[in-house]
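[1] task: produce atomic coordinates for the following.
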Amino acid sequence: MENVARIIITIFFIGLIAIAIIFFGVFGLVPLEKVGKVGKQPENGEYVEPPSGENPENGVAPGSPEGGTNASSSQENPPAAGGNGQASQPPAGGEGGGQTPPVTEPNQPEPYVPPVKIVRLDVPPGSPDAPQQSPPLVESQIPKTAIRLVLKDANFHPPSFLVKKGQEITLAIESGDNRTHVFMFKDPSLSAIAVGIGPKEIRAITFTPPAAGEFWFYCNVPGHEDVGESGKMVVID
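    Numbers count the residues shown, from 1 in each chain. The predicted model follows:
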C-alpha cells in the first residue's frame, strides 16, 4: 500500500511540474502583445489578424465611444463635398436648375426732360427767368415730339417749321458739321431763346410761342447768317 501511495504522490507532483512548465512556456516565453493574438486563434490553428485600428491591449478601436472619442459626430453628418472637398452648392436657377437669371439691359442715358417753371421770353438769354438750353444730348435722349433743326452746308434743315399758338414746343438744334453755331430769334419777344452748340453737338430748348405770326431765326456767329444760316418759325392760331 505504501508503494502505491508513493506512486500516486509521485505522479501528482510530476503533473504539477508539467502544468507549471506549460504555464511558464505560454505566458513567460510569448510576448504580452502576442497574448491577444494567441487568444484569437481559431480551432484550426490559423492566426487571425485583429481589425485595423484595434488596440491590442484592450481590444477597443481608437475613436470608439469606449475609447473616449466621439466618432459618431463625424459619421452622422458628413459634409457634402465636391471634387475639391468644399461643400457643394445648389445649381443656379432654383431647385430644378431650369431657370436663368434675368438679363438686364445696359444703362441708357435718361431722356431730356425740360424744367417746369414760369419763364419769360423777352429777357436776355441765359438770365434766371429765361428758358435754359439742355446739356449736350445723344440721339436716344431727344424727345420724340421735338422739332429738329440741323445746321450744315451753311443752311438750316428744314429752313422753316409750323407750330400752334399756345402750344409748348421743344427745339433740338444740331450742328451737322464741324463748326460752332448759336441759334437765336430776331424778334425781341423771343430774345431769351438762344442755343449754343459745338461741332457735332445737339442741345435742346423748350418754350411756348407768345403769339401768332412769322418769327425769323438765324445763327448768331459772325458771318454765318450772311452765307444763308437763317429760317423762320410760323405760328398759327
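[2] by mean pLDDT, point me to the weakest helix or strand of the chain.
    helix 72-76 (a mean of 47; mean pLDDT, DSSP states H and E).
[3] which strands and helices sit next to the following helix or strand past it?
    Later in the chain than helix 72-76, the nearest helix or strand by DSSP states H and E is strand 147-152. Other helices and strands packing on strand 147-152, by 3 or more C-beta pairs under 8 Å, 6 or more residues apart in numbering; DSSP states H and E, are strand 155-157, strand 160-164, strand 169-175, strand 181-185. Just so you know, the C-beta spots here come from the backbone N, C-alpha and C atoms, and that holds for glycine as well.
[4] nearest to Pro106, out of these?
    Taking C-beta to C-beta, strand 169-175 is the member of these nearest to Pro106, at 23.7 Å.
[5] parallel or antiparallel, which strands does the closest one pair with?
    In the sheet, strand 169-175 lines up against strand 147-152 (parallel), strand 202-207 (antiparallel) (DSSP bridges).
[6] what's the top helix by length along the chain packed up against?
    For the chain, the helix with the greatest residue count under DSSP state H is helix 2-27. For helix 2-27, there is no helix or strand it packs on, judged by 3+ C-beta pairs under 8 Å, 6+ apart.
[7] how about Met233, nearest residue that isn't a chain neighbour?
    Phe215 (4.6 Å; C-beta to C-beta, 6 or more residues apart in numbering).
[8] what residues does that neighbour make contact with?
    By C-beta atoms under 8 Å, 6 or more residues apart in numbering, the residues touching Phe215 are 185-187, 190, 209, 232-235.
[9] adding mean pLDDT and mean neighbour count, write the strands paired with strand 169-175 out as JSON lines.
    Shown next, in JSON lines, are the strands paired with strand 169-175 (pLDDT from 0 to 100; neighbours: other C-beta atoms under 10 Å):
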{"stretch": "strand 147-152", "mean pLDDT": "96", "mean neighbour count": "18"}
{"stretch": "strand 202-207", "mean pLDDT": "96", "mean neighbour count": "21"}
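[10] closest to Tyr112 out of those strands?
    strand 202-207 (5.7 Å).
[11] run through who's touching the closest one.
    Applying C-beta under 8 Å, 6+ apart, the contact partners of strand 202-207 are 112, 114, 119, 121, 131-139, 142-143, 146, 168-175, 190, 192-197.
[12] what of stretch 157-169?
    Contacts of stretch 157-169 (C-beta under 8 Å, 6+ apart): 147, 149-151, 176, 206-209, 211-212, 230-237.
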